[in-house]
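**Student:** Starting from these lines, generate the structure:
(one chain, ligands or ions: 2)
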Amino acid sequence: MSAVIYLDNNATTQVDPEVVAAILPYLTQYYGNPSSMHSFGGQVGKALKQARNQVASLLGAEESEIIFTSCGTEGNNTAIRAAIAAQPDRKHLITTQVEHACVLNLFKQLEKQGYTVTYLSVNRKGQLDLMELEAAITGSTALVSTMYANNETGTVFPVEQAGAIAKEYGATFHVDAVQVAGKLPLNMKTSTIDLMTISGHKLHAPKGVGALFVRRGFRFRPLLVGGHQERGRRAGTENVAGIVGLGKAAELAQLHLADVATEKKLRDRLEKGLLAISDTELNGDRKNRLPNTTNIGFKYIEGEAILLSLDQYGICASSGSACTSGSLEPSHVLRAMGLPYTILHGSIRFSLSRNTTESDIDLVLEVMPGIVERLRALSPFNNDQAEWLQDREEAVVGAR
Ligand SMILES: Cc1ncc(COP(=O)(O)O)c(C=O)c1O
Ligand code: FES
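**Tutor:** Residues are numbered from 1 along each chain as shown. Ligands and ions are numbered 1, 2, ... in the order given. The predicted model follows:
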């Protein structure tokens, strides 16, 4: 396949060549089991220890507070279930409407099992209202679980303030930081977070490995029971190569945190150029946002059509809407933000990484105006209908 312009890094990232180099020996010569008594396995155990140290350092945590998992989904499932088990008498849980499916679907399941769940809303910019959290939380709340930053819009939530509120009521505070690790500095030493999830493939490590931060002293109950791996907190022979890769990726991410500003400059240039196209809008909170993400609504076109056109130039982006997920519903995140129909269906996320170059951005800016013009000319929402839709939206908003 010819070279791609990869602007879908919130979906997954390219494994860093240094990470690949670190992994390889653990797929070839060092194949021992880290739990074995012999020194052949023991040297593999040392590699796990080093990786734990590297991850702990990225999170500003202690080595003993890191549990390796198989992915972000496992980390979130483990954390939420552990929080419930820690306070079995409390039957109320709080999360937000814009979480990843692996959190939302678990909460839906828990509702069926008798828990009451509050799903906090977001405003038009995708921001949380902490007053809503204050109003919902009670002495029966076992857990407040929120993402650190949204995968679709990049909007960053005020997690430390949310954590302080959770603490006041004795609730556990879990944070899904899958989109944040490697993009913003983290320091668990001074944080209100009890449990925090990260996933390797979002920070240039392979897919299928992640980590869960568990604050020291937290009464943790494992999700996977079996052997004594991860000090009894996550049974199953470790994905040694993946874990070594995550460790190396964490070390590199820490080094690269210093040049996130360069990535942000590229993102801002892309965003400014795209917003210069008529009838476009930024989705999300311009100020409190990940440095690598921009989500733009192109009114009156289907996101799916934009993605297919971009694909012809080898440009990878994504739409949080029906087109990519295979369902017929538009993005639950953009819907929760109350975006109008005309934007909901034509929104595209571009997510950059440290590998993104000026010429990647140049190409997108070169081809996008033509794509939009062509699709708008073909659009079922021709101009009359566009005006009609606009009027209808204004009437609906006015009626709210
Ligand atoms: C915010 C968020 N949470 C959780 C996940 C799930 O992570 P994984 O793919 O490692 O299971 C993702 C990945 O798409 C994500 O963006
Ligand atoms: S953008 Fe494809 S269905 Fe709405």
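
**Student:** so who does the closest residue to Tyr169 other than its chain neighbours touch?
**Tutor:** Closest residue to Tyr169 apart from its sequence neighbours, by C-beta to C-beta, 6 or more residues apart in numbering: Ile137 at 4.9 Å. To be clear about C-beta, it is placed using only N, CA and C from the backbone, and glycine gets the same treatment. Contact partners of Ile137, counting by C-beta atoms under 8 Å, 6 or more residues apart in numbering, are Ile94, Val144, Ile165, Ala166, Glu168, Tyr169, Ala171.

**Student:** Counting neighbours, which of the residues you listed comes out on top?
**Tutor:** Counting neighbours by other C-beta atoms under 10 Å, Val144 comes out on top of the contacts of Ile137 with 29 neighbours.

**Student:** Kindly list the main-chain dihedrals of that residue?
**Tutor:** With angles defined as degrees, to the nearest 10, Val144 sits at phi -110, psi 120.

**Student:** List the residues that contact it.
**Tutor:** Ile94, Thr95, Leu133, Ile137, Ala162, Gly163, Ile165, Ala166, Ala171, Thr172, Phe173, His174.

**Student:** where along the stretch 101-250 of the chain do the strands fall?
**Tutor:** 116-120, 141-147, 172-176, 195-199, 210-214 (DSSP state E, counting those that start in this stretch).

**Student:** Would you mind telling me which of those is nearest Ala235?
**Tutor:** For Ala235, the closest of those is strand 210-214, at 13.9 Å, according to C-beta to C-beta.

**Student:** what angle do the closest one and strand 195-199 make?
**Tutor:** 170 degrees (axes from the mean of the first three to the mean of the last three C-alpha atoms, to 10 degrees).

**Student:** Please work out the average pLDDT along strand 210-214.
**Tutor:** The average pLDDT within strand 210-214 is 98.

**Student:** Mind listing the strands that strand pairs with, and their directions?
**Tutor:** In the sheet, strand 210-214 lines up against strand 66-69 (antiparallel), strand 195-199 (antiparallel) (DSSP bridges).

**Student:** low pLDDT regions in the stretch 301-400 of the chain?
**Tutor:** 320-328, 380-400 (pLDDT under 70).

**Student:** mind running it again at 80?
**Tutor:** Along the stretch 301-400 of the chain, the parts satisfying pLDDT under 80 run over 320-329, 379-400.

**Student:** Can you list the residue ranges for strands in it?
**Tutor:** 315-316, 347-351.

**Student:** Could you dump the strands of the stretch 101-250 of the chain into a markdown table with distance to Gln312 added?
**Tutor:** Below are the strands of the stretch 101-250 of the chain laid out as a markdown table (distance: least, C-beta to C-beta, whole Å):
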| stretch | distance to Gln312 |
| --- | --- |
| strand 116-120 | 39 |
| strand 141-147 | 33 |
| strand 172-176 | 34 |
| strand 195-199 | 30 |
| strand 210-214 | 34 |
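
**Student:** so what's the residue in the stretch 51-200 of the chain that ligand 1 sits nearest to up against?
**Tutor:** The minimum distance from the stretch 51-200 of the chain to ligand 1, using C-beta to the nearest ligand atom, falls at Gly72 (2.5 Å). Counting by C-beta under 8 Å, 6+ apart, Gly72 makes contact with His100, Cys102, Asp176, Val178, Thr197, Ile198, Ser199, Lys202, Gly210.

**Student:** I'd say Leu133 and Ala162 touch.
**Tutor:** Yes: the criterion here is C-beta atoms under 8 Å, and Leu133 meets it with Ala162 at 6.0 Å.

**Student:** These two: which has the busier surroundings?
**Tutor:** More crowded of Leu133 and Ala162, by other C-beta under 10 Å: Ala162, with 25 against 21.
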